[in-house]
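> everything below, folded, please.
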Amino acid sequence: MKRNAIAGRSFPSWEAFEAHLEAWTRDVADVRLHGTTGETPIERFRRAEAKALKSIAGMPPFQAARELIRRVQTDCAVEIDGNAYSVPWRLIGETVRATVVDGIVRIHHGTHEVAVHPVCVGRRHRVIEPAHFEGLTGFRPSHAGDLTSSAAATPAPELLRPLGEYEAIFGGSF
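Sure thing, here's the model as predicted:
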């Protein structure tokens, strides 16, 4: 610790600290004889390691992506970071995979992409695609982009799914 780059020192700014560390690495650490290898770190780097490095020129920068598993709720949406993102209503109760990258939420059911939304900043917001509710009785998109019930305007309840879907799953006829 006596010969540590920052032992007993203070710096007026972060930039001054970084400049000191760069100079110390170049003038002290890289040229001292290493106790284990018996050579200076800079010479070992030049001899054994520099040739193994590959250029990153032309490579895209690292992209942070998050992949989440969510269950579609009865309001035809999945919750991500405190916000709700709509998916097609037929997926209610199903498990979907949501990927968040570059400000975009992509939602997949199996191998199919079923929804794409911009990431919503903040919390308790709903991001709605009106097409996700087509064919669903009792709901309609409002002017604000959220859903409002129109059940009072519907005189008689209708089936939410065509019977053919149940036949395909369970067999037989209904």
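> ok, then the element right after the longest helix along the chain?
The helix that spans the most residues within the chain, counting by DSSP state H, is helix 14-24. Of the helices and strands lying after helix 14-24 in sequence (DSSP states H and E), the nearest is helix 41-44.
> who's in contact with that following helix?
The set of residues external to helix 41-44 that reach it, using C-beta atoms under 8 Å, 6 or more residues apart in numbering, is 29-32, 34, 37. For every residue, glycine as well, the C-beta is placed using N, CA and C.
> ok, now stretch 26-34?
Applying C-beta under 8 Å, 6+ apart, the set of residues contacting stretch 26-34 from outside is 3, 5, 39-42, 44-45.
> over to residue 91: give its phi and psi.
Backbone torsions for residue 91, taken as degrees, to the nearest 10, come to phi -90, psi 10.
> what count of nearby residues applies to it?
Residue 91: 18 surrounding residues under other C-beta atoms under 10 Å.
> ok, now the one 4 residues further on?
When counting by other C-beta under 10 Å, one arrives at 12 neighbours for residue 95.
> how near is the nearest residue to it once chain neighbours are set aside to residue 98?
In space, and not counting its chain neighbours, residue 95 is closest to residue 71: 5.5 Å by C-beta to C-beta, 6 or more residues apart in numbering. Here residue 71 is placed at a distance of 11 Å from residue 98 (C-beta to C-beta, to the nearest Å).
> so what sits against both of these two?
With C-beta under 8 Å, 6+ apart applied, the overlap between the contact sets of residue 71 and residue 98 consists of residue 78.
> what is the least confident helix or strand in the chain?
strand 147-149 (a mean of 34; mean pLDDT, DSSP states H and E).
> can you give me the strands in this structure?
Residue ranges of the strands in the chain, as given by DSSP state E, are 66-71, 77-80, 83-86, 95-101, 104-109, 112-118, 126-127, 139-141, 147-149.
> most tightly surrounded among those strands?
strand 83-86 (a mean of 23; mean count of other C-beta atoms under 10 Å).
> and that one, what does it pack against?
Secondary structure elements in contact with strand 83-86, counted by 3 or more C-beta pairs under 8 Å, 6 or more residues apart in numbering; DSSP states H and E, are strand 77-80, strand 112-118, strand 126-127.
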